[in-house]
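Asks: Pasting a predicted model and its sequence here:
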Amino acid sequence: MTDRETEVTMEVKNETTIQEFVLEGFPAVQHLGKVLFLVHLLAYLASITGNMVIITITWVDHRLQTPMYIFLSTFSFCESCFITTVIPTLLSIFLSGRQTIPFTACLTQAFAFLFLGSIIFFLMAVMSLDRHLAICKPLRYPTVMNLRVSFLLVFFCYSLSFIFITGLLVQVSQLSFCGPNVISHFFCDLGSLIHLSCSDTRSVEIYIFFLALLVILISLILTFIAYSNIIVTIVHLPSAKERQKAFSTCLSHLIVLSLMYGSCVFTYVKPKQTNRLDSNREAALVNTVVTLLLNPVIYTLRNKQVHQALRDTLSRVRL
């Protein structure tokens, strides 16, 4: 190839490089856009309000400044940030039909989504282990799990997630996008984004697959082991009332865990990132709206200690 041909090829490539993407959303139900906008806006506000209540009362009431509630308040903070990375975009799509997003903003949204999502999974595993120690090893719990250890575990969750997701985004940022620019999703999902690349994406797909295995399945295994031991301990409780109460709480937790883990395993723990884009949208919607709306209620707001702390906080505000 001559120098002139090389120069022309480079010019064509530069002219066809994608500078922005179009988020398709849910075109099949776009005629219900205003209704869906209202429903998801209310769900978003309810989730944010519930999580903010949890964070506030945890840091205001000294009785809740224990490892369990430190984890829960951190979990609520990450949930609020997580849902905020995608729901405003979804609301805009319901109103306008489609949404354009610059390439840099798309990568930023993908990073925030995966970074916060990974932290949430790590925190779920940590909280499960915390409950396992509290229920199965109550005498050792105060010495093993203190505030210093809980803050170190939170820092570990953040650091590990940052390292993993930064490595992934560096690989994705090096891909070339020179063809279609319509993402079949309501946010910059990496699977849908990679599907549009005109580069060889096999190494990135393999990285995503093993990263999903590491983050999702390892946290799932730790959570399963912890709750299995908790259930065994509950079975041996002498009081039927105590067993019923404990099983009710565990069942609620497991419903949310099943929704979150199930939708994420379905979406990410597959070696091939194509031919499943439509189903990914529904799974992601369940994960970002339904599950995150239920979590504040199930994890904390049903807790009697939280109810009492909330009543005391409100009474102090009135005075």
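Replies: Everything's here; your move. The structure displayed is predicted, hence computed values, not measured ones.
Asks: residue contacts, the closest residue to residue 218 other than its chain neighbours?
Replies: Closest residue to residue 218 apart from its sequence neighbours, by Cβ to Cβ, 6 or more residues apart in numbering: residue 125 at 7.6 Å. Quick note: C-beta positions are derived from backbone N, CA and C, even for glycine. Contact analysis of residue 125 by Cβ atoms under 8 Å, 6 or more residues apart in numbering lists 218-220, 222-223, 226.
Asks: Let's see the PyMOL selection covering just the buried ones among those.
Replies: Typed into PyMOL, the line below selects the buried ones among the contacts of residue 125, using 16 or more other Cβ atoms under 10 Å:
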select buried, resi 219+220+222+223+226
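Asks: Any chance of the contacts of residue 125 in a markdown table with distance to residue 30, secondary structure and pLDDT as columns?
Replies: Listed next are these as a markdown table, based on distance: Cβ to Cβ, whole Å; DSSP: H, G, I helix; E, B strand; the rest coil; pLDDT from 0 to 100:
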| residue | distance to residue 30 | secondary structure | pLDDT |
| --- | --- | --- | --- |
| 218 | 39 | helix | 82 |
| 219 | 36 | helix | 86 |
| 220 | 35 | helix | 83 |
| 222 | 41 | helix | 88 |
| 223 | 38 | helix | 86 |
| 226 | 43 | helix | 88 |
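Asks: how about the contacts of residue 125 in TSV, adding distance to residue 205?
Replies: TSV is the format used below for the contacts of residue 125 (distance: Cβ to Cβ, whole Å):
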residue	distance to residue 205
218	20
219	21
220	21
222	26
223	26
226	31
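Asks: for the stretch 101-250 of the chain, what are the low-confidence residue spans?
Replies: For the stretch 101-250 of the chain, the stretches with pLDDT under 70 are 245-250.
Asks: quick one: the helices in it?
Replies: Ranges of helices in the stretch 101-250 of the chain, per DSSP state H, counting those that start in this stretch, are 103-136, 141-144, 147-173, 190-195, 202-212, 218-235, 240-268.
Asks: Next, count neighbours for residue 143.
Replies: 9 (other Cβ atoms under 10 Å).
Asks: distance of it from residue 168?
Replies: 38 Å (Cβ to Cβ, to the nearest Å).
Asks: Could you list the residues in contact with stretch 93-108?
Replies: Contacts with stretch 93-108, where a contact means Cβ under 8 Å, 6+ apart, come from 18-27, 30, 33-34, 36-37, 40, 89, 92, 109, 169, 172-173, 177, 183, 186, 188, 193.
Asks: Any of those residues buried? List them.
Replies: Buried members of the contacts of stretch 93-108, scored by 16+ other Cβ under 10 Å, are 18, 21, 23-26, 33, 36-37, 40, 89, 92, 109, 169, 172, 177, 183, 186, 188, 193.
Asks: before we move on, which element is the residue nearest to residue 44 when sequence neighbours are not counted in?
Replies: In space, and not counting its chain neighbours, residue 44 is closest to residue 87: 4.6 Å by Cβ to Cβ, 6+ apart. Take DSSP states H and E as the rule and residue 87 turns out to sit in helix 67-96.
Asks: okay, the angle between that helix and helix 147-173?
Replies: Computed with axes from the mean of the first three to the mean of the last three Cα atoms, to 10 degrees, the direction of helix 67-96 lies at 30 degrees from that of helix 147-173.
Asks: and the angle for helix 67-96 with helix 103-136?
Replies: Relative orientation of helix 67-96 and helix 103-136, computed by the same axes, to 10 degrees: 150 degrees.
Asks: Give me the buried positions along helix 67-96.
Replies: Residues of helix 67-96 classed as buried by neighbour count (16+ other Cβ under 10 Å): 67-83, 85-87, 89-94.
Asks: Now do residue 40 against residue 19, distance only.
Replies: Look at residue 40 and residue 19: by Cβ to Cβ, they are 29 Å apart.
Asks: right, I mislabeled it, should have said residue 255
Replies: If you measure residue 255 against residue 19 using Cβ to Cβ, the figure is 43 Å.
Asks: And for residue 89?
Replies: Per Cβ to Cβ, residue 89 is found 18 Å from residue 19.
Asks: so how far is residue 121 from residue 214?
Replies: Applying Cβ to Cβ to residue 214 and residue 121 gives a distance of 10 Å.
Asks: Can you pick out the residue with more neighbours from the two?
Replies: residue 121 (23 against 13).
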